[in-house]
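S.K.: Can you look at this prediction? I've put the sequence above it.
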Amino acid sequence: MTGVSLTFLGTGTSVGVPVIGCDCDVCQSTDPKNNRTRASVIYQTGPLTLLVDSGPDLREQALRENLRCVDAVLYTHAHLDHVTGFDELRAFCWKRDSPLPLHATEECLATLKQMFGWAFSPENIHRGYIKPAPNIIDGPFFYQETRITPLPVEHAALETIGFLFETPNARSVAYLPDVKRIPSDTMTLIRDVDVLIVDSLRPSTHPTHFGLDEALAAIRASNARQAWLTHLGHENNHAILDSSLPTNVRVAWDGLRIPLADLA
């Protein structure tokens, strides 16, 4: 491929939408934009594909988007809706000669090693299994010309980060899928960002996630040129919410691809 883009693999909260056993209007909706798998994105530049989080719907998402190659996985945190598709990553190891790079905080990597110890074991030598190459995130890092900056945020009691992607000749994009408070240092990093993708769980407040008013306040404070809401629960009807937002803010949906540059 050419150019730079970000694709939403999933835009839902931890239980997805529809919610099991729920008869609300959104869960029974025929609008495909109200069907939301667990939150994840891919950032692509040229032939490089970076996956952010490996949630429980990764297999379904990869098949839907014809995702055949992942060059590295970046983790925001170790909550189950962001890591439990870990074993699906083996499909991206079958054609690799080298281990698959995983980037996460020290705390998140420790949890991954505890949950999936067999993958990190020196005895994991058989073909067909995921072969991870763990990398601790302790500051900005690069893939080719793309600079990736970790964005610490507050979310529950677990260490959580987002990511700022900056590629030459492309719009910058900040991805914050799980957040209750953005510290001032992080807000400085994302101020004037071209595209901000931010948690907006529901119209009302929540103890560990942005509600809609908090998300809109963060967008205004960042002075983002364009913003997309993600990590959405079944309290959000896509069409109704989308029509109520400021002109520079939209509601994301599964499969949405945002072109960031055309480098052809």
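M.R.: Received, thanks.
S.K.: which residue sits closest to residue 142, ignoring its sequence neighbours?
M.R.: residue 148 (7.0 Å; Cβ to Cβ, 6 or more residues apart in numbering). Quick note: C-beta positions are derived from backbone N, CA and C, even for glycine.
S.K.: quick one: strands adjacent to the one helix or strand the one you found maps to?
M.R.: Using DSSP states H and E, residue 148 falls within strand 146-153. Sheet pairing of strand 146-153 (DSSP bridges) gives strand 141-143 (antiparallel), strand 160-166 (antiparallel).
S.K.: any residues touching stretch 5-13, and which ones?
M.R.: 16, 36-44, 51, 55, 57-58, 61-62, 65, 67, 81, 165, 173, 175, 195, 197, 201, 209, 228, 230-233, 252-260 (Cβ atoms under 8 Å, 6 or more residues apart in numbering).
S.K.: Ok, stretch 161-168 next?
M.R.: For stretch 161-168, the surrounding residues in contact (Cβ under 8 Å, 6+ apart) are 4, 6, 43, 45, 52, 74, 76-77, 105, 137, 145-153, 172-177, 179, 186, 189-190, 193, 260-261.
S.K.: And the strands in the stretch 101-250 of the chain, which stretches?
M.R.: 132-136, 141-143, 146-153, 160-166, 173-176, 195-199, 226-230, 249-251 (DSSP state E, counting those that start in this stretch).
S.K.: Adding mean neighbour count, write those strands out as JSON lines.
M.R.: Output for the strands of the stretch 101-250 of the chain, formatted as JSON lines (neighbours: other Cβ atoms under 10 Å):
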{"stretch": "strand 132-136", "mean neighbour count": "16"}
{"stretch": "strand 141-143", "mean neighbour count": "14"}
{"stretch": "strand 146-153", "mean neighbour count": "20"}
{"stretch": "strand 160-166", "mean neighbour count": "24"}
{"stretch": "strand 173-176", "mean neighbour count": "26"}
{"stretch": "strand 195-199", "mean neighbour count": "25"}
{"stretch": "strand 226-230", "mean neighbour count": "24"}
{"stretch": "strand 249-251", "mean neighbour count": "20"}
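S.K.: that older thread, and the pLDDT for the residue nearest to residue 142?
M.R.: At residue 148, the model reports a pLDDT of 98.
S.K.: same deal with residue 263?
M.R.: Taking residue 263 on its own, its pLDDT is 44.
S.K.: sorry, back to before: what's the PyMOL line that selects buried ones from the contacts of stretch 5-13?
M.R.: Only the buried entries of the contacts of stretch 5-13 go into this PyMOL selection, using 16 or more other Cβ atoms under 10 Å:
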select buried, resi 16+36+37+38+39+40+41+42+43+44+51+55+57+58+61+62+67+81+165+173+175+195+197+201+209+228+230+231+232+233+252+253+254+255+256+258+260
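S.K.: among the contacts of stretch 5-13, which are in helices?
M.R.: If you go by DSSP state H, these have 58, 61-62, 81 in helices.
S.K.: from those residues, which is closest to residue 239?
M.R.: Nearest to residue 239 among the ones in helices among the contacts of stretch 5-13 is residue 61, at 22.7 Å by Cβ to Cβ.
S.K.: The closest one reaches residue 36, doesn't it?
M.R.: No - counting by Cβ atoms under 8 Å, residue 61 does not reach residue 36; the two are 11.2 Å apart.
S.K.: intersection of neighbour lists for these two?
M.R.: Between them, residue 61 and residue 36 share the contacting residues 10, 254, judged by Cβ under 8 Å, 6+ apart.
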